[in-house]
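Student: need a structure here:
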Amino acid sequence: MEASSWIKLWCNCEICKAYVTSSWSKDFDNLADWYSHLLKQSPTSTIHIHVLGNTITANPQNVEYMLKTRFDNFPKGKPFSVLLGDLLGKGIFAVDGECWRFQRKLASLELGSVSIRSYAFEVVNSEIESRLVPLLTSFSDQSRQTLDLQDVFRRFSFDIICKFSFGFDPECVSLTFLESEFANAFDMASKLSALRAISPSTLVWKVKRLFNVGSEKELKKSIKLVNALATRVIETRRKFGFSDKNDLLSRFMGSIDDDKYLRDIVVSFLLAGRDTVASGLTSFFWLISQHPQVESNIRDESGRILEPGQGHATFEQLREMHYLNAAVLESMRLFPPVQFDSKFCLEDDVLADGTFVARGTRVTYHPYAMGRMDRVWGSDCLEFKPDRWLSNGKFVAQCPFKYPVFQAGPRVCMGKDLALMEMKCVALAIIRKFNIRMSDPGRAPRFAPGLTATVRGGLSVVVEENKTLYI
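Tutor: I've put the predicted structure just below:
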């Protein structure tokens with residue numbers, strides 16, 4: 001099967017016509033579900049969207065080929081860095097080559113340290129106990145009062161990642177739902193940067209940027225606000241010292257003197273750590289609400305491991321909760337925070353399944369579709385089954401190329417362990433203390449376009465106090 005690197009303005013094949021006319025939406029609520037359907041039908045689990053110049057695959061062998069075997073031939077690529085460059089600058093998620101290697105090495109040393117993990121654990125549990133639990137308690141006292149849980153998780157994860165990355169507290173989680181100018185600016189900048197990717201042509205947004213009109217004017221305004229706060233924090237830290245601080249910015253300042261470069265690096269971590277965790281938690285609680293037995297199993301496990309009346313779990317106790325870990329990872333198998341990820345082919349190549357990809361072709365692997373492939377996960381792939389991750393009650397990891405939710409190979413997510421820790425701490429605290437029920441139980445998630453999976457219209461829930469003895 002041959003794939004051209006050139007984007008066609010029009011193509012008469014059925015897939016391209018369905019994409020251009022959006023006729024797929026008659027049968028599928030989400031574009032990702034349509035892609036999943038097409039990839040299931042393909043004998044190689046690989047398809048091509050000619051009008052996008054995009055080869056898409058859900059084949060684990062192809063994923064390994066791209067992310068490991070031929071890693072250097074499938075970089076993020078210039079098209080990606082151009083899309084996000086105004087927001088991320090030369091941050092780790094928008095660069096390749098030596099610039100990426102330098103940041104990767106620096107970040108790996110810091111994120112792997114015991115002190116940074118202890119600091120993150122302390123920040124997460126403090127935010128849960130002092131803000132998240134009081135907020136949910138206030139809603140549990142109000143009969144049938146609904147709450148947008150996705151909004152709460154976005155606020156929570158933004159507080160966490162700002163404290164962790166910048167040592168700055170935007171105080172987004174509060175009983176009064178205060179608006180944060182920084183959070184709103186960051187949201188808008190992320191959203192508008194992502195919308196560039198679905199523009200009919202790069203010329204559209206580049207012309208708007210040139211004349212400073214429309215969405216590009218808004219993007220410039222939002223980035224200016226993000227830059228202003230980042231600059232203020234960096235200048236203050238340099239003035240008053242950073243050697244006694246534990247946040248990432250302070251740690252990086254000991255190795256980097258260029259404040260613009262520091263800003264790019266830390267803003268990249270904000271982007272990576274905010275929306276992904278919020279997306280994962282949102283999908284997790286939607287699935288839990290549909291599977292009360294899983295919720296009960298998590299409570300039973302915590303009851304066996306935690307002491308009666310104990311507050312949050314210790315790091316060691318969290319590691320002992322194999323079922324909780326399995327449930328969190330299983331939820332992201334079905335609803336990965338990043339539904340797809342693209343690379344660009346540097347030189348002509350042939351994927352593991354025999355698909356030819358020409359130089360310049362955008363090649364996308366699709367974790368969302370992979371989680372729905374029976375040839376990858378078995379005939380029960382559409383079921384939410386944490387037990388598929390367990391053997392004799394112990395957690396067993398799956399092949400990362402079969403489960404590329406955190407990428408894999410040299411570019412595997414460095415913040416994986418910290419993100420899972422945050423998700424498990426939140427999930428455990430909420431499940432022990434509350435019953436979360438959907439206000440519209442029959443409504444399945446519909447996703448809005450963006451860098452991460454966001455449920456369109458939010459996740460409306462009713463919060464009830466858990467009156468059992470698990471707390």
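Student: how about Lys343, secondary structure?
Tutor: strand (DSSP: H, G, I helix; E, B strand; the rest coil).
Student: so it touches Pro79, yeah?
Tutor: No. With contact defined as C-beta atoms under 8 Å, Lys343 does not count as touching Pro79 (10.3 Å). Every C-beta, even on glycine, is put in place using the N, C-alpha and C of the backbone.
Student: Pick out whichever of these two has more residues nearby.
Tutor: More neighbours surround Lys343 than the other of Lys343 and Pro79, with 23 against 14 (other C-beta atoms under 10 Å).
Student: picking that back up, what's the overlap in contacts for Lys343 and Pro79?
Tutor: Jointly contacting Lys343 and Pro79 under the rule C-beta atoms under 8 Å, 6 or more residues apart in numbering are Arg362.
Student: Tell me the first helix or strand C-terminal of the helix or strand containing Thr236.
Tutor: Counting by DSSP states H and E, the element that carries Thr236 is helix 214-240. Next helix or strand after helix 214-240 toward the C-terminus (DSSP H and E): helix 248-253.
Student: how close does Val173 sit to Phe269?
Tutor: Using C-beta to C-beta, to the nearest Å, Val173 is found at 20 Å from Phe269.
Student: Give me the three-state assignment for Phe158.
Tutor: From three-state DSSP, the assignment for Phe158 is helix.
Student: what sits against it?
Tutor: By C-beta under 8 Å, 6+ apart, the neighbours of Phe158 are 170, 172, 180, 183, 186, 274, 278.
Student: Now for Asp380: which residues touch it?
Tutor: Arg388.
Student: In space, what's closest to the residue nearest the centre of the chain - neighbours in sequence excluded?
Tutor: Ranked by distance to the mean C-alpha position of the chain (C-alpha atoms, centre = their mean), the top residue is Thr276 at 2.4 Å. Nearest non-adjacent residue to Thr276, counting by C-beta to C-beta, 6 or more residues apart in numbering: Pro337, 4.1 Å away.
Student: and stretch 32-41, how far out from the chain's middle?
Tutor: Chain-centre distance of stretch 32-41: 21 Å, with C-alpha atoms, centre = their mean, to the nearest Å.
Student: do stretch 258-265 as well
Tutor: Relative to the chain's own centre, stretch 258-265 is displaced by 23 Å; criterion: C-alpha atoms, centre = their mean.
Student: Now do that stretch: everything it contacts.
Tutor: Stretch 258-265 has contacts (C-beta under 8 Å, 6+ apart) with 88-92, 103, 107, 227, 230-231, 234-235, 238, 249, 252-253, 256.
Student: 6 Å - rerun?
Tutor: Outside of stretch 258-265, the residues within contact range by C-beta atoms under 6 Å, 6 or more residues apart in numbering are 89-91, 230, 234, 256.
Student: same thing with stretch 13-25?
Tutor: With C-beta under 6 Å, 6+ apart as the criterion, stretch 13-25 contacts 34, 49-51.
Student: same thing but at 8 Å, please
Tutor: Identification of contacts with stretch 13-25 by C-beta under 8 Å, 6+ apart yields 8, 10-11, 31, 34, 38, 47-52.
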